[in-house]
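In: Pasting the sequence and the predicted coordinates here, then a few questions.
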Amino acid sequence: MNLNLIHSTMRRTPNIMKNIIIISVLNVSILFGQFSYPAEDFLGGGIGYSPMYIKLKEIPGADALVNVGLDPTQFKDPFVIHGGEGFAHVTGRWRIGSYAGMGGSSISTVPAIKTYIDDDPNNNSGNQGYTGEVLTDYDGAYSPSIKASLSFLLGAATVEYVMPLLQDLELSSGALLGLGRVGIGLEQKSGENIRWNNTFSNVYGEYVDSVLYYAVDGDFESSDPITPLPVPGLLREVGATFFNFQPYIAIKFQFLERFGLRISVGYNKGTVRQGAWKLNGSTQISDSPQSTLEGVSFRLMGYIGL
């Protein structure tokens, strides 16, 4: 065996390995450079339509709606909020943005009616009014309709951290924080033909020359309360404002120079405090229960920008 040849080969081995490592690093660098996130893209932003879908765990006021004859499970599921979203990079891989949207859903029913003669209006017997009474099916044209609506408004800021995957593909993690307002409207009206003038009629009497004329019976005293007359429809709305928090992860794909798609998945959590509900936007309902608007959320955004 030629010892000089072996010795020469061993001396060249480190150089060969060094060259292999250098070439490998260069190849990896070139490959990574082809798919890495361009630094200038962090200076961009975008804006677009962004509907939000929330799979609500429970509907606020569901038990109360059941008591008036409605089925809360008939509300849209998932609940849809139509909104707009924008975002912009601020520094490094941090991004801020905002979201604003609103959504609504309604349910209604026309219940079957049974009439009875109430022989015990003061409930002296302790039984429920119709218990033991003769019931008759109502087949007239004045069956009442009952309708409920659920509305949701949201305005929030977003903050997130961006993690680039490929040149036009990135993953981000962040949170949406802001204020929301939820409203529950309840409308009850008879089946009579509603007229425009009746809709704006005075529910207490006849108003003539700055004087309201109110009809009473012979037992009325001047200190008795003034109560409204029967009206074609009765509309009530309860609402509340609350803090909303939604952590999420998002994936963003820029498939055109100025247009892209962004998908976000998170969990929405909003809590209405006990006693925070208000009737018709003004009168606080002190014994109103605590309510939550929480569930898995999904946002799909088509945006214009970088």
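Out: On my side now, so go ahead. Only a predicted model underlies this, so the values are computations on that prediction, with no experimental measurement involved.
In: Which stretches in the protein count as helices?
Out: 3-35, 62-67, 196-199 (DSSP state H).
In: weakest of those helices by average pLDDT?
Out: Among the helices of the chain, helix 3-35 carries the lowest mean pLDDT, at a mean of 47.
In: What's the per-residue pLDDT of residue 39 here?
Out: Value for residue 39, per-residue pLDDT: 43.
In: Now do the residue lying closest to residue 81 once chain neighbours are set aside: how many residues are near it, please.
Out: Once flanking residues are discounted, residue 81 sits nearest to residue 103: 3.8 Å by CB to CB, 6 or more residues apart in numbering. Every residue, glycine included, has its C-beta placed from N, CA and C. Number of residues near residue 103 (other CB atoms under 10 Å) recorded here: 19.
In: Make 7 the starting number, not 1.
Out: Sure, I'll start counting at 7 from here, so that last one is residue 109.
In: Against residue 244, how distant is residue 109?
Out: Separation of residue 109 from residue 244 (CB to CB, to the nearest Å): 17 Å.
In: now do residue 66
Out: 9 Å.
In: Give me the common contacts of those two.
Out: Common contacts of residue 66 and residue 244 (CB atoms under 8 Å, 6 or more residues apart in numbering): residue 190.
In: Between those two, tell me which one has more neighbours.
Out: Set residue 66 next to residue 244 and count neighbours by other CB under 10 Å: residue 66 wins out with 25 against 20.
In: From residue 182, how far out is the more buried one?
Out: For residue 66 relative to residue 182 (CB to CB), the value is 20 Å.
In: ditto for residue 155
Out: 25 Å.
In: Neighbour count for these two, which is higher?
Out: Using other CB under 10 Å as the criterion, residue 155 and residue 182 rank with residue 182 on top: 25 against 17.
In: Surely that one and residue 256 touch.
Out: No: Residue 182 is beyond contact range of residue 256, at 10.4 Å (criterion: CB atoms under 8 Å).
In: ok, how many other residues are close to residue 264?
Out: 11.
In: Please compute how far stretch 146-162 lies from its chain's middle.
Out: With CA atoms, centre = their mean, to the nearest Å as the basis, stretch 146-162 stands 16 Å off its chain's centre.
In: Give me the number of neighbouring residues for the residue nearest to residue 251 when sequence neighbours are not counted.
Out: Excluding its sequence neighbours, the residue lying closest to residue 251 (CB to CB, 6+ apart) is residue 275, at 5.2 Å. Residues near residue 275, counting by other CB under 10 Å, number 16.
In: same check, this time on the one 4 residues further on
Out: The number of residues packed near residue 279 is 14, by other CB under 10 Å.
In: any idea how far residue 170 is from it?
Out: 41 Å.
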